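I would like to see how this sequence folds:
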Amino acid sequence: MCSMPGNNVFGEAIRDELLRMQNSPERASYILMKRVHPVVYRNYAVTANCPVELREMVSELGIFGCLLAYAVFLILSYLFCFCSHRY
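A predicted model of the protein is given here:
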C-alpha cells in the first residue's frame, strides 16, 4: 500500500480502501482523480542560509477553484493558482 499525506491512496490500495468504507458516509468524501507523474529535472536549489546545490526537482502548477451557488444564484466564484518547486 502506498499512502501519501492528505488521505491520498494509490494503486492496489484504492480497491482495499473502497471496500473498507463500503457502507460508510466517509466514502462520499473521496474524489477519484487521474494520477499525475511530473517530469523530474535537475536544477539548482537556492535557499536562504544553505549552499547552492544541484538537485532533482519537479515543477508544479496548481489551479484550484471554488463555486458556490444556490439554485440559479451565484454566491461565490474563486480561482486560485500557484507555482512551486519541490526537491
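
just the C-alphas of the longest strand seen in the chain, formatted as PDB.
Longest strand in the chain, counting residues (DSSP state E): strand 53-70. Listed next in PDB are the C-alpha coordinates belonging to strand 53-70 (Å, rounded to 0.1, in the frame of the first residue of the first chain):
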ATOM      1  CA  GLU A  53      23.000  22.700  -4.700                       C
ATOM      2  CA  LEU A  54      22.200  20.800  -7.900                       C
ATOM      3  CA  ARG A  55      19.200  18.500  -7.200                       C
ATOM      4  CA  GLU A  56      16.400  16.600  -8.900                       C
ATOM      5  CA  MET A  57      13.200  18.700  -8.800                       C
ATOM      6  CA  VAL A  58       9.600  18.800 -10.200                       C
ATOM      7  CA  SER A  59       7.900  22.000 -11.100                       C
ATOM      8  CA  GLU A  60       4.200  22.200 -10.000                       C
ATOM      9  CA  LEU A  61       1.400  24.400 -11.100                       C
ATOM     10  CA  GLY A  62      -1.700  24.200  -9.000                       C
ATOM     11  CA  ILE A  63      -5.000  25.600 -10.200                       C
ATOM     12  CA  PHE A  64      -7.900  25.400  -7.700                       C
ATOM     13  CA  GLY A  65     -11.400  26.800  -8.000                       C
ATOM     14  CA  CYS A  66     -14.400  27.200  -5.900                       C
ATOM     15  CA  LEU A  67     -18.000  27.700  -7.000                       C
ATOM     16  CA  LEU A  68     -20.900  28.100  -4.500                       C
ATOM     17  CA  ALA A  69     -24.400  28.600  -5.800                       C
ATOM     18  CA  TYR A  70     -28.000  28.300  -4.600                       C
END
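
mind listing what it pairs with, with the direction of each?
strand 41-45 (antiparallel), strand 73-86 (antiparallel) (DSSP bridges).

same question for that strand, mean pLDDT?
Looking at strand 53-70 alone, the average pLDDT works out to 79.

buried ones in it, by neighbour count?
Under the neighbour-count criterion of 16 or more other C-beta atoms under 10 Å, strand 53-70 has M57 buried. Using the backbone N, CA and C atoms, a C-beta is placed for each residue, glycine as well.
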